[in-house]
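Chemist: coords please:
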Amino acid sequence: KLQFLYLIDCTRTMEPRQVGGIAVGVVVGWVLCAAFTIRSTPSVVVAPPARVAGALSEPPTAPVQPPTAPVQPPTAPVQQELKGKEQKAAGKAAGSRPNIVWHMFDDMGVGEIGAYGTAGRYVEPGRSITTPHLDKFASEGMRFTQAYSGYPICGPSRWTLFSGRSIGRATHPSTQGDALPKVVKAAGYRFALVGKHDPMANPPGHGIDLFAGQWMGETHKMYDTVLKYGKAGERIRNVPTKNPQGVTRDNVIQNPGAYTHVAARILEDGVNVVKTHDYAAQPLFLYMPWTLPHAGCWNGHLPVHPVPPGSPEPKYGPRCGNPSPTQMHYGSEGWPVQETDHAAAVSWQDWAIGEMQAAIKAAGQDESTIVFVTSDNGAHQEGDHSPAFFNSTAGMRGCKGSLYEGGLRVPMMVRWPGHIPAGAVSDYMWQFPDFLPTAAELMGADAQTAMPDLLDSQSVLPTLLGGTQAPRKFIFSTHFCTKTHWNGNAFMIRLGDWKGVVCNCAAGAGLITEADAKSMEVFNLRDDPFETTDLAAQHPEKAQELVALAVAEGLSCKCYQCSTNGGGGGLYY
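Modeler: Sure, this is the predicted structure:
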């Protein structure tokens, strides 16, 4: 097989007639090799797991009722200090160091989760999505109302999570994204990545012990024909699913059991990791970046973007929309099909979190595991889904891709029984880069060893444990403001209650200069959470202060989705 791959690589430099000359020999050799392999014991890097008996249940067809009484907070005092720093990382059992699980939804808005109290607001009666498992999760942990993703779109947002850096310090989101795996490995944890891979080109080559899922460029194929499996030191292997090419929505609705939704396989793999991990040998770090409720395709083709003007197809091309493994209990609502599918995707994802929590409890690790649940950015408006239909942004301005609150403010819920106060709600302001130093403190590791220049991230563990801490210095992101600024560099910066948005930096090369204060929009989020009133004229000093902070911090306003900067327009979606 390796020789075959080598020959393919060599043909890139051959003349066409030379390629044709070896084609027949290669094919015959490959057929003979395949025939021999079938009769031999296969060498598989990581076999796709069988359905986990007793751990997974069928998704409900009717809404599950949330608990009737609030979960009582733990009676034991909250532990303010961890003993992890005093332990040697390698070869130690979990002990006082918790397992860490990070669930990253793809494009789920704050307004789509019932625990945030926004379901049904600003929309017609009856248009609500039920999320009983997430609501229960929130009642058993801490829910944050001022949490921010690192960027308003997928890839760069995930880069800030893995690097511990603001996107304003990125040379490019395809580099520097392995700080988190370095810290995890140095702490003696097993790192499993199950789901949507990004930002690294080869997870097992960057300290990831186990990878199961899809490459970034394939993650909009919700019924893909292959998924990838691999572990440290071995080659990634493509493992076929039972999906043929050309799956349609009608196929899936009529016979859902005949096809494999990628998210369903992610769930199986995640449960399998939790069930089979040796917790006595080392603690587990499980990163689960899900593919829902992102828009995508039923067939095996990638989305087409942009669709030519006047095309009758949805925004993301033929047979694309908001694929879900099942319609759940929304099939008879009479909503537009894309909204029915979107609601089903959210509720299926809610059910999947319930299954993951059940697996953790079944493994006896409930009190030894801290679980984070969030989204990579705000609610999307793709596949003909409208975030206004369900109030997906909780009334906030903008959505995915926007520098306004609807693009960056995300749900964030964290649960750790006996440590994090149950039912707590925090307005502490933090952003994805803060996860790396938080995880490092939980693991008893030194984040500075992996990333010496963590200039604008800090651990939020004091807040999680029910204590207090100094406010975050600032919130920052880049991107663009509207379609008219697709080729420009834009940024937002928040300091306390004040937020500024610059839709087109005055200087080139991503530089932020004092001149940007002249075009900055200014909002007071305490008085105007929906960003309806620009106060720049009344408070020019705030624009100057915010721009001066960005300049002093050396932040860049370079946009990584804009074609003038090599982002290719749709890259990292």
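Chemist: now do the strands in the stretch 51-200 of the chain.
Modeler: Secondary structure of the stretch 51-200 of the chain (DSSP state E, counting those that start in this stretch): strands at 99-105, 142-144, 147-148, 190-196.
Chemist: quick one: the second one to chain centroid distance?
Modeler: Chain-centre distance of strand 142-144: 18 Å, with CA atoms, centre = their mean, to the nearest Å.
Chemist: need the winner for burial among the strands of the stretch 51-200 of the chain.
Modeler: Mean neighbour counts were compared across the strands of the stretch 51-200 of the chain using mean count of other CB atoms under 10 Å; the top stretch is strand 147-148, at a mean of 28. Where C-beta positions appear, they are placed from N, C-alpha and C, glycine not excepted.
Chemist: so what's the closest residue to residue 161 other than its chain neighbours up against?
Modeler: If the residues on either side of it in the chain are set aside, residue 161 comes closest to residue 432, at 4.5 Å by CB to CB, 6 or more residues apart in numbering. Residues in contact with residue 432 (CB atoms under 8 Å, 6 or more residues apart in numbering) are 148, 149, 150, 157, 160, 161.
Chemist: spatially nearest residue to residue 145 (excluding sequence neighbours)?
Modeler: Excluding the flanking residues, the one nearest residue 145 by CB to CB, 6+ apart is residue 427, at 5.1 Å.
Chemist: help me confirm that the one you found comes into contact with residue 142.
Modeler: No - taking CB atoms under 8 Å as the contact criterion, residue 427 and residue 142 are not neighbours in contact, 11.2 Å apart.
Chemist: which stretches of the stretch 201-350 of the chain form strands?
Modeler: Along the stretch 201-350 of the chain, counting by DSSP E, counting those that start in this stretch, strands occupy 210-214, 226-231, 237-240, 284-289, 296-297, 320-321.
Chemist: weakest of the ones you listed in terms of mean pLDDT?
Modeler: The weakest mean pLDDT among the strands of the stretch 201-350 of the chain belongs to strand 320-321, with a mean of 76.
Chemist: mind listing the residues bridging to the nearest residue to residue 337 once chain neighbours are set aside?
Modeler: The shortest distance from residue 337 to any non-neighbouring residue, by CB to CB, 6+ apart, is to residue 321 (7.2 Å). When assigned by DSSP bridges, residue 321 has beta-bridge partners residue 296.
Chemist: surely residue 321 is in contact with residue 344?
Modeler: No - under the criterion of CB under 8 Å, residue 321 is not in contact with residue 344, lying 11.3 Å apart.
Chemist: mutual contacts of those two, please.
Modeler: Joint contacts of residue 321 and residue 344 (CB under 8 Å, 6+ apart) do not exist.
Chemist: quick check: buried residues in stretch 108-119?
Modeler: By neighbour count, and taking 16 or more other CB atoms under 10 Å as the criterion, the buried residues in stretch 108-119 are 108, 109, 110, 111, 112, 113, 114, 115, 116, 118, 119.
Chemist: shaky segments in the stretch 101-250 of the chain?
Modeler: By pLDDT under 70, the low-scoring segments of the stretch 101-250 of the chain are 118-125, 171-176, 200-201, 217.
Chemist: model confidence over the longest helix belonging to the chain, on average?
Modeler: When secondary structure is assigned using DSSP state H, the longest helix within the chain turns out to be helix 337-362. Mean pLDDT, computed over helix 337-362, is 96.
Chemist: next, the angle strand 284-289 makes with that helix.
Modeler: Computed with axes from the mean of the first three to the mean of the last three CA atoms, to 10 degrees, the direction of helix 337-362 lies at 180 degrees from that of strand 284-289.
Chemist: I'd like the next helix or strand past helix 337-362.
Modeler: Per DSSP states H and E, helix 337-362 leads on to strand 369-375 as the next helix or strand towards the C-terminus.
Chemist: what lines up beside that following strand in the sheet?
Modeler: With DSSP bridges as the test, strand 369-375 pairs up with strand 99-105 (parallel), strand 412-415 (antiparallel).
Chemist: the residue nearest to residue 145: neighbouring residues, count only.
Modeler: Residue 427 is flanked by 8 other residues according to other CB atoms under 10 Å.
Chemist: what sits against it?
Modeler: With contacts taken as CB under 8 Å, 6+ apart, residue 427 has the following neighbours: 144, 145, 146.
Chemist: let's see 10 Å
Modeler: Applying CB atoms under 10 Å, 6 or more residues apart in numbering, one finds that residue 427 lies in contact with 144, 145, 146, 147.
Chemist: next one: residue 325
Modeler: By CB under 10 Å, 6+ apart, residue 325 lies in contact with 59, 222-223, 252, 256-257, 259-265, 267, 292, 344-345, 348-349, 351-352.
Chemist: do you know how far it is from residue 262?
Modeler: Per CB to CB, to the nearest Å, residue 325 is found 9 Å from residue 262.
Chemist: which neighbours do those two share?
Modeler: With CB under 10 Å, 6+ apart applied, the overlap between the contact sets of residue 325 and residue 262 consists of 222, 223, 292.
Chemist: so which of those residues wins on neighbours?
Modeler: Most crowded among the shared contacts of residue 325 and residue 262, counting by other CB under 10 Å, is residue 222 at 31 neighbours.
Chemist: any chance of the contacts of residue 427 in a markdown table, with distance to residue 415 too?
Modeler: As requested, those are exported to a markdown table (distance: CB to CB, whole Å):
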| residue | distance to residue 415 |
| --- | --- |
| 144 | 12 |
| 145 | 16 |
| 146 | 18 |
| 147 | 15 |
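Chemist: which pair in these has the greatest spatial separation?
Modeler: 145 and 147 (7.6 Å; CB to CB).
Chemist: report the set of residues contacting both of those two.
Modeler: Shared contacts of residue 145 and residue 147, defined by CB under 10 Å, 6+ apart, are found at 110, 409, 411, 412, 426, 427, 428, 429.
Chemist: can you map out the helices along the chain?
Modeler: Assignment of helices within the chain using DSSP H yields the ranges 2-10, 16-39, 132-139, 154-163, 179-186, 249-254, 262-276, 337-362, 405-408, 435-443, 447-450, 461-464, 540-552.
Chemist: relative to helix 132-139, how tilted is the longest one?
Modeler: Counting by the same axes, to 10 degrees, helix 337-362 points 50 degrees away from the direction of helix 132-139.
Chemist: what is helix 337-362 packed up against?
Modeler: Contacts of helix 337-362 with other secondary structure elements, assessed using 3 or more CB pairs under 10 Å, 6 or more residues apart in numbering; DSSP states H and E, are made with strand 99-105, helix 132-139, helix 249-254, helix 262-276, strand 284-289, strand 320-321, strand 369-375, strand 412-415.
Chemist: coming back round to it: and the gap between the residue nearest to residue 161 and residue 322?
Modeler: Between residue 432 and residue 322 the computed distance is 25 Å (CB to CB).
Chemist: residue 421 now?
Modeler: Residue 421 is 36 Å from residue 322, by CB to CB.
Chemist: and those two? Which one has more around it.
Modeler: For the pair residue 421 and residue 322, the greater number of neighbours falls to residue 322 (29 against 18), based on other CB under 10 Å.
Chemist: follow-up on the earlier one: just the buried residues of stretch 108-119 now: which is nearest residue 177?
Modeler: The shortest approach to residue 177 among these belongs to residue 108, at 22.2 Å (CB to CB).
Chemist: how many residues are close by residue 336?
Modeler: Here the count is done by other CB under 10 Å, and residue 336 has 13 residues near it.
Chemist: which residues does it contact?
Modeler: By CB under 10 Å, 6+ apart, residue 336 lies in contact with 342, 384, 385, 386, 389.
Chemist: let's see 7 Å
Modeler: Residue 336 makes contact with no residue under the criterion CB atoms under 7 Å, 6 or more residues apart in numbering.
Chemist: quick check: phi and psi on it?
Modeler: Phi and psi for residue 336, reported as degrees, to the nearest 10, are phi -60, psi 150.
Chemist: just the CA atoms of stretch 463-480, as CSV, please.
Modeler: Only the C-alpha atoms of stretch 463-480 are listed here, as CSV (Å, rounded to 0.1, in the frame of the first residue of the first chain):
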residue,chain,number,x,y,z
THR,A,463,-14.7,31.7,39.0
LEU,A,464,-15.6,28.1,38.2
LEU,A,465,-14.9,27.1,41.8
GLY,A,466,-17.3,29.8,43.1
GLY,A,467,-14.7,32.4,43.9
THR,A,468,-13.8,35.8,42.5
GLN,A,469,-11.0,37.1,40.3
ALA,A,470,-9.9,40.2,38.5
PRO,A,471,-11.8,41.0,35.3
ARG,A,472,-10.4,40.0,31.9
LYS,A,473,-8.3,42.7,30.4
PHE,A,474,-10.3,42.8,27.1
ILE,A,475,-12.2,40.8,24.5
PHE,A,476,-10.9,40.9,20.9
SER,A,477,-11.7,39.5,17.5
THR,A,478,-11.2,40.2,13.8
HIS,A,479,-13.3,39.4,10.7
PHE,A,480,-15.5,41.7,8.6
